[in-house]
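S.K.: after the sequence you'll find the predicted model.
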Amino acid sequence: MNYFVDKNSIVREIWGKSDTILLIFAGASAEFALNKAVDWLYFTGKLPKDPLGRLFSTVAYARGIVFSEKETAFKTIKHINAIHRSVEKKRGKPIPNWAYKDVLFMLIDYSIRSFEILERPLKTHEKEDVFHVFLEVGQQMEIKDLPKTYEGFKAMRLLHLNQNLYHGSFTKDLLKQYRKHLGLLRYRLLLESQILITPKPVRELLHLKSFSILKPLIPLYKISRTINLDTFLKAIILPLEYKTQIRALNQTN
């Protein structure tokens, strides 16, 4: 079969494990809250009403691309484009190109960061593999002015972090919604996860500490996976109604 992502790609390993995916979206949840285009996520009202539901919806789309044949992946991307165009039509203006790039850059950066935190350091060619997979996604989405190399991506990513983030009223409200839907303990775990994975500009704008209490616990968590305790730990991190979705995140082919 002609898959969108090669069966031997590191991207399949990253996106085939629930723990790496959950850490990716811990980082993305922090950066989404700060992005200057976050008002677009508020326009439909879906994000503040159900931030966790939106998380799993986004995961479903991403995995629908990563683990599909090319034709199916292209259809999924086309569907995503149609959703965006519909929102743009309702609002009467286009979503900024830089905002599309920001989301794509999050997927690249946090995929790499998550795997390196929970598994091992990635080799240069593996990081380039992650970049090229999502570069093709961006090209299929018709995002303009994308970097052509992984080195170019790193430079553009840093530029976007310094230009496109802002701690405003939407930020405060979205953080409030995270806390409301997660509860105090789970929200605290989210913050500690965000400290682990987010780059310095994000941590500074959210007034996060530079050290996470979770960092020294990672070796113990890795051991828990060998004795199948990790499923129990993930159930603690997210509400019970998402237990099925958490289990479904694990994929080995």
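M.R.: That came in fine, so what should we check first? Residues are numbered from 1 along each chain as shown.
S.K.: average pLDDT across stretch 107-116?
M.R.: Averaged over stretch 107-116, pLDDT sits at 96.
S.K.: ok, residues contacting that stretch?
M.R.: Applying CB atoms under 8 Å, 6 or more residues apart in numbering, the external contacts of stretch 107-116 come out as 10-11, 13-15, 20-21, 23-25, 27-28, 62, 122, 127, 130-131, 134, 137, 153, 157, 197, 199. The C-beta positions use only the backbone N, C-alpha and C, and glycine is treated the same way.
S.K.: output it as PDB, restricted to C-alpha atoms.
M.R.: Extracted as PDB, the C-alpha positions of stretch 107-116 are listed here (Å, rounded to 0.1, in the frame of the first residue of the first chain):
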ATOM      1  CA  LEU A 107       3.300  19.700  15.400                       C
ATOM      2  CA  ILE A 108       6.900  19.500  14.200                       C
ATOM      3  CA  ASP A 109       8.500  20.900  17.200                       C
ATOM      4  CA  TYR A 110       6.400  19.200  19.900                       C
ATOM      5  CA  SER A 111       6.600  15.800  18.100                       C
ATOM      6  CA  ILE A 112      10.400  16.000  18.400                       C
ATOM      7  CA  ARG A 113      10.400  17.400  21.900                       C
ATOM      8  CA  SER A 114       7.900  14.800  23.200                       C
ATOM      9  CA  PHE A 115       9.700  11.800  21.900                       C
ATOM     10  CA  GLU A 116      13.000  13.000  23.200                       C
END
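S.K.: that one: which residues count as buried?
M.R.: Within stretch 107-116, the residues scored as buried using 16 or more other CB atoms under 10 Å are 107, 108, 109, 110, 111, 112, 113, 114, 115, 116.
S.K.: please identify which pair of these lies farthest apart.
M.R.: With distances taken as CB to CB, the most widely separated pair in these is 107 and 116, at 15.1 Å.
S.K.: just to revisit the earlier point, which of the contacts of stretch 107-116 are buried?
M.R.: For those, a burial check counting by 16+ other CB under 10 Å picks out 10-11, 14-15, 20-21, 23-25, 27-28, 62, 122, 127, 130-131, 134, 137, 153, 157, 197, 199.
S.K.: those residues in strands, which ones?
M.R.: Using DSSP state E, no member of these falls within strands.
S.K.: residue 199 against residue 160, yeah?
M.R.: No: if you go by CB atoms under 8 Å, residue 199 and residue 160 don't touch, sitting 10.7 Å apart.
S.K.: quick check: which ranges of this protein have low pLDDT?
M.R.: Filtered on pLDDT under 70, the chain yields the residue ranges 227-249, 251-253.
S.K.: kindly recompute the last result at 80.
M.R.: Residues of the chain that meet the criterion pLDDT under 80 lie in 1, 44-48, 52-56, 59-60, 221-222, 224-253.
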